[in-house]
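K.L.:
Take a look and give me a structure for this.
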Amino acid sequence: MNAQIASAAEEQTSVAEEINRSVHQIAMSVDQVADETQQGAQTARNLEQLGNRLGALVKQFRI
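P.N.:
This next block holds a predicted model:
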């Protein structure tokens with residue numbers, strides 16, 4: 001009986017460690033997605049500025 005309890009405890013420890021690793025990987029992925037989202041937002045702002053500059057340059061031309 002004691003051997004079964006010890007075995008079950010070891011299995012639970014193993015599963016808990018694997019869950020911990022998985023949660024850590026998820027947290028790292030979330031951080032990476034957050035960083036990439038910020039980079040995408042900055043790229044969008046840069047494109048908006050370029051579009052505005054291009055629009056201003058095009059307005060200088062008269063047909």
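K.L.:
Now do the helices in this protein.
P.N.:
Using DSSP state H, the helices of the chain run over 2-59.
K.L.:
Nearest residue to the middle of it?
P.N.:
Nearest to the geometric centre of the chain sits Val33, at 1.6 Å (CA atoms, centre = their mean).
K.L.:
and Ala6, how many neighbours does it have?
P.N.:
The tally of other residues near Ala6 (other CB atoms under 10 Å) stands at 10. For the C-beta atoms, the positions are set from N, CA and C on the backbone; glycine is no exception.
K.L.:
If you could redo that for Leu57, that was the one I meant.
P.N.:
By other CB under 10 Å, the residues close to Leu57 number 9.
K.L.:
Please tell me how far it sits from Leu50.
P.N.:
Distance of Leu57 to Leu50, given as CB to CB, to the nearest Å: 10 Å.
K.L.:
Lys59 now?
P.N.:
According to CB to CB, Lys59 and Leu50 sit 15 Å apart.
K.L.:
Please apply the same query to Glu10.
P.N.:
60 Å.
K.L.:
any idea of the pLDDT on Met1?
P.N.:
If you check Met1, the pLDDT there is 87.
K.L.:
tell me the contacts of it?
P.N.:
Counting by CB atoms under 8 Å, 6 or more residues apart in numbering, Met1 makes contact with nothing.
K.L.:
any idea how far it lies from Ser7?
P.N.:
From Met1 to Ser7 the distance is 11 Å (CB to CB).
K.L.:
try Val23
P.N.:
Taking CB to CB, one finds Val23 at 25 Å from Ser7.
K.L.:
Check Glu36 too.
P.N.:
Between Glu36 and Ser7 the distance is 43 Å, computed by CB to CB.
K.L.:
can you check Leu57 too?
P.N.:
Leu57 is 75 Å from Ser7, by CB to CB.
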